[in-house]
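[1] With the input below, show me the fold.
(2 chains)
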2 protein chains.
Amino acid sequence: MTGQPLPGFRDFYPPEHASLRGIFSAWREASRRSGFSEYEGPELESLELYTEKSGDEIVGQLYHFKDKGDREVALRPEMTPTFARMVAGQHRNYKKPIKWFSIPRLFRYERPQRGRHREHYQWNCDIVGERSPCAEAELIATLCLGLSLLGLGSKDVVVKMSDRGWWDRFLEKHGVKEENKPGVLRVLDRLEGATPEQRKEKLGALAKPVEEAWEGNVHDSEALGEIKSALGKMGYGNWCETDFRIVRGLAYYTGVVFEVHDRAGKLRAVAGGGRYDDLLKKLGGEDLPATGFGMGDAVLGELLRDKKIESGKQEGADLFVVAEGAEKDLALSMVGSLRRAGFAVDYEPGFPKWGKQLELAEAKGARWALLVGREAKDGKVGFKEISTRRQGEARWIGQKDGSICLEPSPGDWAKVLA
Amino acid sequence: MTGQPLPGFRDFYPPEHASLRGIFSAWREASRRSGFSEYEGPELESLELYTEKSGDEIVGQLYHFKDKGDREVALRPEMTPTFARMVAGQHRNYKKPIKWFSIPRLFRYERPQRGRHREHYQWNCDIVGERSPCAEAELIATLCLGLSLLGLGSKDVVVKMSDRGWWDRFLEKHGVKEENKPGVLRVLDRLEGATPEQRKEKLGALAKPVEEAWEGNVHDSEALGEIKSALGKMGYGNWCETDFRIVRGLAYYTGVVFEVHDRAGKLRAVAGGGRYDDLLKKLGGEDLPATGFGMGDAVLGELLRDKKIESGKQEGADLFVVAEGAEKDLALSMVGSLRRAGFAVDYEPGFPKWGKQLELAEAKGARWALLVGREAKDGKVGFKEISTRRQGEARWIGQKDGSICLEPSPGDWAKVLA
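    Take a look at the predicted model:
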């Protein structure tokens, strides 16, 4: 057996996990500040939840199989169908607009490449029950806040907005039949970087009007105007621009759609979303307007690395208890008490030689060593700041659950030494 | 389409998710205080990772299938094989003992019942590279700390400890062949609640010596003695007892094993673990001693409900901005600024009638309403504590990114009113 995960899957060792947790923290904090409540759903759902509503692209990339009960099931490739199912089930219990977020893990069988794996985490925020474009503005503001909490700004990323409703009318005007629209939109979604010849080949007679639509600014929709105005007030005006090249691949979008891209244009979209006013009704629920976005951890992680931003760092313990073998029992009771008092405390459970314990304390990145030597019996212990080698003395007062049992308390050691 | 997830799978709506987050917080905090670093692995792994090493029980309950690349894959039913694979891959980069934890989501096709679903979250802590039983003591202390952070104590739960090494020698002595041992241990693992007749039927000639082993206390192992002593020092002596009825079903345990049970004995095990010194070597890695435990969210959740403990509550926003339509733009810039300053701020993006906004603020559980009326143009706004209806006045100083832009700051409103 090799130490490798399946192709396209990732192992998160502690340093990588710390980066991931940093991203999650920013997502959760932006959601909290913006008034979204967290939910989660199953990672395995009935296959039909995806086959019926999400469009062909996703279905071709599904991890699906028959379970031991002969049910056709699939690993979720996106969160929106589960979200829609859950909202349909209980929306009567919640005041509108419903503002929920989640950080699901999603699965797609795709060719692994930079910023694209077969599993990823995705921040999903959705608003249900608000028909006006201020819902999109609220979502985009939340997304910008999340990115800025990670240290990214409008010089790094741009929110490109478009209007699927406008594209719908455009295709109608140019004689594209209703049933062909999803296919044409999917082609449009993939024209990024295509040459004029390739566009012509894919779009035929539509190529010219499409190019005009891309270049002109005549088609700015009323909804986009409202969104831009609100985002300007909220402090994100310079993060956003209109770009009708954006159409989004998924079939269920009905109105404004948007994507976040790195300004340098080197990476795939960092986030994407839009309005899907018909989906809840289609899934057997009520006719509720809805809009949302998803932001994956993978492309975002690439962008953060490009910008040399460290989203999270592995933390060492506050204290590492170093004890002489004879004081092992006392050391253990200190460990128990200090942990109950809230400190992160580590030690070498075998209590090897003093020097080896100190070495481990340093290797594991602990801030302080608590030195439990022969004088500990009389209540005298030492402490040492590992990075500076500065030392001090403290008294061990005894085991008191939930209260500080060292004087001075480890929280004051830096002050004592200063 | 119904609003239901697949049988045995759970939807976590915001209130249930808040409870789950409370459990995760306790698990993470206990891990942090105890010096464990977080990692995560793929939810889908190669099937052989499980078929070869985990024993029959798990294999019969696997969600497994062929992926689009014709690989035999399985949803992880437990974390230990992934952990062992990851450690085998990179243990040279880490100082021993390695202390890692994870909160994976796991999948088993079982008959759903109380405290048992087809997916659950499981807190996993493992120590690699420590052959002495102080590693088990450290794990059990961490587990007790996690439970106590949730409000559970030694009157609620008991850690039952046993020694698989002892059982191994016992079976040897009674002539059970090496290849039959896993089967007999699995039978022993399931005898809970069986009548003497049923035991006799299952165990034959072994029934009598097994019963003697259960009742007698002659077999307390040296390892168990050390663990108990260390746990006593760390403050968890009264949480633990020896109970040789515990053998654990999984095939890979080699030494001390333990389970956490509710004192009332009404529920399945809350947690379980033990030493698996051979597994890393078997999986192609080095010969490294290892021990660990897993604690699921489902039985724990049942126990918390039984004890009327609320592990987490959905939090409302700090402020809900209520504005007259004419002041909408100003209100939006306040929302943006206050969120950047760290407050959780909600509002009704449509800015309906004043009374309706206040109603929503209350329904959504916000603590304060920030009242943006006609005088806001001159910098005057009101604030209202929603639960007490007490009101005050503040000045809006303007939009300053990252700094407080209201005087007094919302953080001081409670003091101002007191």
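[2] Quick check: residues of the stretch 151-300 of chain A near chain B?
    Residues of the stretch 151-300 of chain A lying close to chain B by CB under 8 Å from any CB of the partner chain are A:229, A:230, A:233, A:234, A:235, A:236, A:283, A:284, A:285. To be clear about C-beta, it is placed using only N, CA and C from the backbone, and glycine gets the same treatment.
[3] tell me the two of these that are most distant?
    Greatest spatial distance among those (CB to CB): A:235 and A:284, at 39.6 Å.
[4] Say whether chain B is contacted by the longest strand seen in chain A.
    Counting by DSSP state E, the longest strand found in chain A is strand A:119-128. Yes. Contact between strand A:119-128 and chain B, assessed by CB under 8 Å from any CB, occurs at A:119, A:127.
[5] Could you tell me the angle between the helix or strand just after that strand and strand A:119-128?
    Counting by DSSP states H and E, the next helix or strand C-terminal to strand A:119-128 is helix A:134-149. Here the directions of helix A:134-149 and strand A:119-128 differ by 140 degrees (axes from the mean of the first three to the mean of the last three CA atoms, to 10 degrees).
[6] contact partners of the helix or strand just after helix A:134-149?
    Next in sequence after helix A:134-149, counting helices and strands by DSSP H and E, comes strand A:157-163. Contact with strand A:157-163 is made by A:140, A:143-144, A:147, A:221, A:223-224, A:227-228, A:236, A:239-247, A:255-263, A:270, A:303, as judged by CB atoms under 8 Å, 6 or more residues apart in numbering or on different chains.
[7] circling back to that earlier point, what is the nearest of the residues of the stretch 151-300 of chain A next to chain B to residue A:88?
    For these, the nearest to residue A:88 is residue A:285 (2.9 Å; CB to CB).
[8] Can you report how many residues neighbour the closest one?
    Residue neighbour count, defined by other CB atoms under 10 Å in any protein chain shown, stands at 20 for residue A:285.
[9] wait, what's in contact with the spatially closest residue to it that is not a sequence neighbour?
    Closest residue to residue A:285 apart from its sequence neighbours, by CB to CB, 6 or more residues apart in numbering or on different chains: residue A:88 at 2.9 Å. Residue A:88 makes contacts with A:280, A:283, A:284, A:285, A:286, B:1, B:3, as judged by CB under 8 Å, 6+ apart.
[10] Which pLDDT value belongs to the third one?
    Meaning residue A:284. At residue A:284, the model reports a pLDDT of 72.
[11] before we move on, back to that, for residue A:235 and residue A:284, indicate the residue with more neighbours.
    Counted by other CB under 10 Å, residue A:235 and residue A:284 do not tie: residue A:235 has more neighbours, with 21 against 13.
[12] Backbone torsions only: list them for the more buried one.
    The phi/psi pair for residue A:235 (degrees, to the nearest 10) reads phi 100, psi 20.
[13] Give me the spatial nearest neighbour of it, chain neighbours excluded.
    Closest to residue A:235 by CB to CB, 6+ apart is residue B:336, at 4.1 Å.
[14] So what sits opposite the most centrally placed residue in chain A in the bridge?
    For chain A, the residue nearest the mean C-alpha position is residue A:123 (4.1 Å; CA atoms, centre = their mean). In this structure, residue A:123 bridges to residue A:295 when assessed by DSSP bridges.
[15] if we can go back for a sec, the residue nearest to residue A:235 - how many residues pack around it?
    As a burial measure, residue B:336 scores 24 neighbours (other CB under 10 Å).
[16] List the residues that contact it.
    Applying CB under 8 Å, 6+ apart, the residues near residue B:336 are A:141, A:233, A:234, A:235, A:236, B:399.
[17] Filter these down to just the buried residues.
    Neighbour-count burial within the contacts of residue B:336 applies to A:141, A:233, A:234, A:235, A:236, B:399; the criterion is 16 or more other CB atoms under 10 Å in any protein chain shown.
[18] closest to residue B:104 among those residues?
    Closest to residue B:104, out of all of the buried ones among the contacts of residue B:336 and judged by CB to CB, is residue A:141, at 33.4 Å.
[19] thinking the closest one is in contact with residue A:232, fair?
    No. With contact defined as CB atoms under 8 Å, residue A:141 does not reach residue A:232; the gap is 10.6 Å.
[20] now chain A, which segments are flagged as low pLDDT?
    For chain A, residues meeting the criterion pLDDT under 70 lie at A:1-2, A:53-58, A:217-220, A:399-404.
[21] domains for it, by residue range?
    As recorded under automatic domain parsing, the domains making up chain A are A:14-306, A:319-417.
[22] Which stretches in the stretch 301-418 of chain A count as helices?
    For the stretch 301-418 of chain A, helices defined by DSSP state H, counting those that start in this stretch occupy the ranges A:328-340, A:354-363, A:413-417.
[23] likewise the stretch 1-150 of chain A?
    Counting by DSSP H, counting those that start in this stretch, the helices of the stretch 1-150 of chain A are A:14-33, A:48-51, A:56-60, A:80-90, A:134-149.
[24] Any chance you could list what contacts the first one?
    To tie it back to what came earlier, the one meant is helix A:14-33. Outside helix A:14-33, the residues that touch it by CB under 8 Å, 6+ apart are A:10, A:12, A:38, A:101, A:103, A:121, A:123, A:125, A:142-143, A:145-147, A:149-150, A:295, A:297, A:300-301, A:304, A:310-315, B:37-40, B:100, B:315, B:339, B:342-345.
[25] Could you report the neighbour count for residue A:170?
    Other residues within reach of residue A:170, judged by other CB under 10 Å, total 19.
[26] If we ignore the residues flanking it in sequence, what's nearest it?
    Per CB to CB, 6+ apart, closest to residue A:170 is residue A:213, 6.3 Å.
[27] Quick check: phi and psi at the one you found.
    The phi/psi pair for residue A:213 (degrees, to the nearest 10) reads phi -60, psi -40.
[28] Next one: it from residue A:191, what distance?
    Using CB to CB, to the nearest Å, we find residue A:213 at a distance of 12 Å from residue A:191.
[29] Same question for residue A:248.
    As judged by CB to CB, residue A:248 and residue A:191 stand 13 Å apart.
[30] more neighbours, the two?
    residue A:248 (22 against 18).
[31] Tell me who's in contact with the more buried one.
    Residue A:248 neighbours (CB under 8 Å, 6+ apart): A:164, A:185, A:189, A:257, A:259, A:272, A:273, A:274.
[32] In three-state terms, label it for me.
    Here residue A:248 is coil, with the state taken from DSSP: H, G, I helix; E, B strand; the rest coil.
[33] got the contact list for stretch A:371-385?
    A:319, A:321-324, A:326-327, A:330-331, A:334, A:367-370, A:390-397, A:406, A:410, A:413-414, A:417.
[34] Return the set of buried residues in that stretch.
    A:371, A:372, A:376, A:381, A:382, A:383, A:384.
[35] do stretch A:175-189 as well
    For stretch A:175-189, burial by neighbour count (16+ other CB under 10 Å) applies to A:176, A:181, A:182, A:184, A:185, A:186, A:187, A:188, A:189.
[36] Taking these, tell me the two that lie furthest apart.
    Farthest apart among those by CB to CB are A:176 and A:189. That separation is 14.9 Å.
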